[in-house]
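Enquirer: here you go, sequence then predicted model.
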Amino acid sequence: MAGRLDGLDLNLRLGKEEEARRLAAAQTRLVWLRLSLGGQVGTDPRLGPPLCVVFEGWDASGKGGCIKRLVAPLDPRHVRVASFAAPTFDEKRHHFLWRFWPSLPGWGGMAVLDRSWYGRVLVERVEGFATEEQWQRAYQEICEFERTLVDEGTILVKFWMHLSEDEQLRRFERRQRDPLKQWKLTDEDWRNRDKRPAYEAAVEEMLERTDTPHAPWALIEGDNKRWARVKVVETVLAAIEDGLRDRGLEVPPQPPELVDKLHV
C-alpha cells in the first residue's frame, strides 16, 4: 500500500531568480512577525505566543540549509537553534522527553530544533535502542506532549524533509569529495542508508500516528534545495499567521515601507 511519502512530487523545482525573489519576500515578512511576537514593535508591547519549529528528515535532506535560510534574517537574540544527537549517559537516566524541555521557547520566543523527540520512533526504533514497548508507547506520549505545548499557546511547526534515494546518494558522494563538508558524512549515515526500507516504515507510521489537528506535519519535497528552502520559510509564515488567528490575536500588518518587498 502506498504511503504518504509516495504521494510527494520530488520533481518540483524553482529557478534561481524565483527562489531569490520569494525568499527575500518571505524573510522580510518573517522578521516583522518575529519582532511583533517578541514585543519589539507596534503599539502593543505584549509578548506573542511561543514559536517552535521542528525539523526531521533523511540524512542530507537539506535540514541545515533550510534552517540557515529561516534564521538568517533574524536577530540571533530572537531565536534559538538547538541540535540533538544521541542522548548522553545522563540524559538516558530520564524520560526521553526530559532533555528537550530546556530548549523549548517561552512566550515571545522562537526555537528551531534540528532533530527532536521523534528520534524515539525513528532511529531508536530501527536501531533497537528502545524496546518495542517503549517506542510503541511513545506515540501517545509525544501527542500528549505536543498537545500540552499547543494548549499553553505554542505555535508548533513540524517538518519532514523528504529525499529520494538517488538524490541522497548524489549528495553523499559530493560531501565525500568536499574537504569542507566531509565532516557531515559519517559511517552511520551509510549504515542508515542501507536500512532505508525499515526507516521508511518507521516514518510512515510516525506520520500516521502523530499527525494531529493541533500539531500537523508539513512534508517538504527536498530533491530541489531551492524549492525546499522557500517552502519551509513560507510554511512557517503561514503557521504563524494562522496560529495568531486561531488564538484570537491580531495578525500584525506590514508597515507600508516594507510592502514593496513582499510582492511575489
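Expert: Cool, got the structure.
Enquirer: nearest residue to residue 55 in space, please, no chain neighbours.
Expert: Closest residue in space to residue 55, ignoring its immediate chain neighbours: residue 63 at 4.6 Å, by CB to CB, 6 or more residues apart in numbering. Any C-beta I mention is one placed from the backbone N, CA and C, and that applies to glycine too.
Enquirer: got it, and residue 67?
Expert: Spatial nearest neighbour of residue 67, chain neighbours left out: residue 112 (5.6 Å); criterion: CB to CB, 6+ apart.
Enquirer: can you tell me the SS state at the one you found?
Expert: strand (DSSP: H, G, I helix; E, B strand; the rest coil).
Enquirer: distance of it relative to residue 205?
Expert: 25 Å (CB to CB, to the nearest Å).
Enquirer: the more surrounded of these two?
Expert: residue 112 (24 against 17; other CB atoms under 10 Å).
Enquirer: mind listing what that one touches?
Expert: Residues near residue 112 by CB atoms under 8 Å, 6 or more residues apart in numbering: 53, 55, 67, 70, 71, 79, 80, 81, 82.
Enquirer: now residue 249
Expert: By CB under 8 Å, 6+ apart, the neighbours of residue 249 are 48, 49.
Enquirer: please redo it, this time with the cut-off set to 10 Å
Expert: 36, 37, 44, 46, 48, 49, 153, 243 (CB atoms under 10 Å, 6 or more residues apart in numbering).
Enquirer: residue 91 contacts residue 99, doesn't it?
Expert: Yes - in terms of CB atoms under 10 Å, residue 91 counts as a neighbour of residue 99; the distance is 4.5 Å.
Enquirer: now list whatever residues contact both of those two.
Expert: residue 84.
Enquirer: and for the protein, the residue most distant from the center?
Expert: residue 43 (31.2 Å; CA atoms, centre = their mean).
Enquirer: leaving out the residues flanking it, which one is nearest to residue 189?
Expert: Distance criterion CB to CB, 6+ apart; nearest residue to residue 189, sequence neighbours excluded, is residue 59 at 4.7 Å.
Enquirer: before we move on, what about residue 82?
Expert: Leaving aside its sequence neighbours, residue 82 sits nearest to residue 103 (CB to CB, 6+ apart; 4.0 Å).
Enquirer: same thing with residue 151?
Expert: In space, residue 151 is closest to residue 214, 7.9 Å off (CB to CB, 6+ apart).
Enquirer: show the backbone phi and psi for that neighbour.
Expert: phi -90, psi -20 (degrees, to the nearest 10).
Enquirer: for the chain, which residue occupies the most central location?
Expert: The centroid of the chain falls nearest to residue 55 when counting by CA atoms, centre = their mean (2.6 Å).
Enquirer: hey, what's that residue bridged with?
Expert: Note on residue 55: beta-bridge partners by DSSP bridges are residue 114, residue 159.
Enquirer: number of nearby residues for residue 201?
Expert: A count of nearby residues for residue 201, using other CB under 10 Å, gives 13.
Enquirer: tell me the SS of it?
Expert: Classified using three-state DSSP, residue 201 is helix.
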